[in-house]
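Novice: From the sequence below, what's the structure:
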Amino acid sequence: MTVNVETLEKLERKITLTLPVGTIQSEVDSRLKKLARTVKMDGFRPGKVPMNVVAQRYGYSVHYEVMNDKVGEAFSQAANEAKLRVAGQPRITEKEESPEGELAFDAVFEVFPEVKINDLSGAQVDRITAEVGDDAIDKTLEILRKQRRTFAQRAMDAAAQDNDRVTVDFEGKIDGETFQGGKAEDFQFIVGEGQMLKEFEDAVRGLKSGDSRTFPLSFPADYHGKDVAGKQADFMVTVKKIEASHLPEVNEQLAKSLGIAEATVEGLRADIKRNLEREVKFRLLARNKNAVMDALIANAELDLPNSSVQSEIDRMVEGARAELKQRGIKDADKAPIPEEMFRPQAERRVRLGLVVAELVRANNLQAKPEQIKAHIDELAASYEKPADVVRWYFGDNRRLAEVEAVVIENNVTDFVLGRAQVSEKSVSFDELMAQQG
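Specialist: Residues are numbered from 1 along each chain as shown. Here you go, the predicted model:
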């Protein structure tokens, strides 16, 4: 079959499809006969409904189904014949004029672009590194100690100080009116840990059990409670109980309570270091992967198929609605979400997907089974029962596909870093951990 493909604009193409009317009618008749054997209609026994009655009742819908099926088959056959990589769904319209005994249709669609990746030896990539030092281990130890601290009630004449847990009643008013969330009884917090606004902590610090204090408090303009953000309130707080905190000593007993196999201080620090190094490795990989992807995009030339971008936008809008629904927003599925806010991100995702796919195809960077297994083993290593986690991944094809995608991205990252001009940049542990992703 000779297929005439017309180029309309950049990636947009048009194919004219023709179908014999006889073929359509033959299929319609065949389906109606099959339907007549099972259809139930008032006044007739099952399977005894006359064909003309079945055709009158179901003819239009069956004809519509056949047309859709046959046109879809014709389009697939034509696209395969012309060796076209079709992006998205075609827009198919029936032509007003057709050859005698045939129906003609125009199929307008987009094809995936040719992707040109320039010489990567000229690409600039900043690769960051970070080390896990004693300071990071010490800070993690302090967090573990705080998670296991105990509290003992202070004497009635003792004043509240940093690291004490206080139990208070409070009430705040704005313009003389109590506001939502501004009143509580038997509320607990630890002084000096930033759980409360600074003015609130300052007011409680130094008070004894039974003491009260009134004080003004200014809510920051970016405060999470929008109703009170940027406003000033008058608070009264009463301290009901003060408890001193006690941190466990860093010793064998602490190591044992944390389930460390080698229950010594050295074993505890070594275990913390291993866990921190694993976290650092994944964060560095994510950061450096983003830098590589930016470099790939900058070194690639391609046109974007609008249909692919629109599909990605649609997915992102649905994701936003699902998130709103999860937050309990009423009528989240009808929420007006402007598509254009997602367009830059959608275009980047589509562009990156096409570039990565081309690089993987051209350089055989597909994920190998042993790479997938090694990655899952590494993910599972931080869990108490790694073998269960490994089985969990291998027990679901969707989860395996997600791991496979990550491994392919890692292969692409290593490939680009091996060819680009790489500048090493060392960052502190704290800086790395403070940044998202």
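Novice: and stretch 253-263, what's its mean pLDDT?
Specialist: For stretch 253-263, mean pLDDT is 86.
Novice: for that stretch, which positions count as buried?
Specialist: Of all the residues in stretch 253-263, those buried under the rule 16 or more other C-beta atoms under 10 Å are 254-255, 260, 263. For every residue, glycine as well, the C-beta is placed using N, CA and C.
Novice: swap in stretch 181-198?
Specialist: Using 16+ other C-beta under 10 Å as the test for burial, stretch 181-198 gives 182, 189-191, 196.
Novice: show me the contacts for residue 107.
Specialist: Residue 107 makes contacts with 14-17, 71, 75, 78, 90-92, as judged by C-beta atoms under 8 Å, 6 or more residues apart in numbering.
Novice: In the stretch 101-250 of the chain, where is pLDDT below threshold?
Specialist: Of all residues in the stretch 101-250 of the chain, none has pLDDT under 70.
Novice: which residues in it form helices?
Specialist: Ranges of helices in the stretch 101-250 of the chain, per DSSP state H, counting those that start in this stretch, are 134-147, 198-204.
Novice: Which strands or helices does the one helix or strand residue 353 maps to pack on?
Specialist: For residue 353, the host element (DSSP states H and E) is helix 343-363. On a contact count with 3 or more C-beta pairs under 8 Å, 6 or more residues apart in numbering; DSSP states H and E, helix 343-363 meets strand 116-117, helix 265-298, strand 300-301, helix 306-326, helix 397-417.
Novice: can I get the CA coordinates of that helix in CSV?
Specialist: Taking Å, rounded to 0.1, in the frame of the first residue of the first chain, the C-alpha atoms of helix 343-363 are listed here in CSV:
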residue,chain,number,x,y,z
ARG,A,343,3.3,24.3,30.8
PRO,A,344,7.0,25.1,31.5
GLN,A,345,7.4,22.1,33.7
ALA,A,346,5.5,19.9,31.2
GLU,A,347,7.6,21.0,28.3
ARG,A,348,10.8,20.3,30.3
ARG,A,349,9.6,16.8,31.1
VAL,A,350,8.6,16.0,27.5
ARG,A,351,11.9,17.4,26.2
LEU,A,352,13.9,15.6,28.7
GLY,A,353,12.1,12.3,28.1
LEU,A,354,12.8,12.5,24.4
VAL,A,355,16.4,13.4,24.8
VAL,A,356,17.1,10.7,27.4
ALA,A,357,15.3,8.1,25.3
GLU,A,358,17.5,9.0,22.3
LEU,A,359,20.7,8.9,24.3
VAL,A,360,19.7,5.5,25.8
ARG,A,361,18.8,4.1,22.4
ALA,A,362,22.0,5.4,20.7
ASN,A,363,24.4,4.3,23.4
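Novice: who touches that helix?
Specialist: For helix 343-363, contacts defined as C-beta under 8 Å, 6+ apart pick out 112-113, 115, 117, 293, 296-297, 300, 302, 304-305, 308-309, 312-313, 316, 365-366, 408-409, 411-412, 415-416.
Novice: Buried only: go through those for me.
Specialist: By 16+ other C-beta under 10 Å, those give 112-113, 115, 117, 293, 296, 300, 302, 304-305, 308-309, 312-313, 316, 365, 408-409, 411-412, 415-416 as buried.
Novice: Buried residues in the helix or strand just after the helix holding residue 353, which are they?
Specialist: Per DSSP H and E, the first helix or strand lying C-terminal to helix 343-363 is helix 369-380. For helix 369-380, burial by neighbour count (16+ other C-beta under 10 Å) applies to 371-372, 375-376, 379-380.
Novice: Could you list the low-confidence segments of the stretch 301-437 of the chain?
Specialist: Within the stretch 301-437 of the chain, the stretches falling below the threshold (pLDDT under 70) are 436-437.
Novice: Let me have the contacts of residue 107 in TSV, extended by secondary structure and pLDDT.
Specialist: Output for those, formatted as TSV (DSSP: H, G, I helix; E, B strand; the rest coil; pLDDT from 0 to 100):
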residue	secondary structure	pLDDT
14	strand	93
15	strand	92
16	strand	90
17	strand	89
71	helix	89
75	helix	92
78	helix	91
90	strand	92
91	strand	92
92	strand	91
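Novice: out of these, who's nearest residue 37?
Specialist: residue 71 (26.7 Å; C-beta to C-beta).
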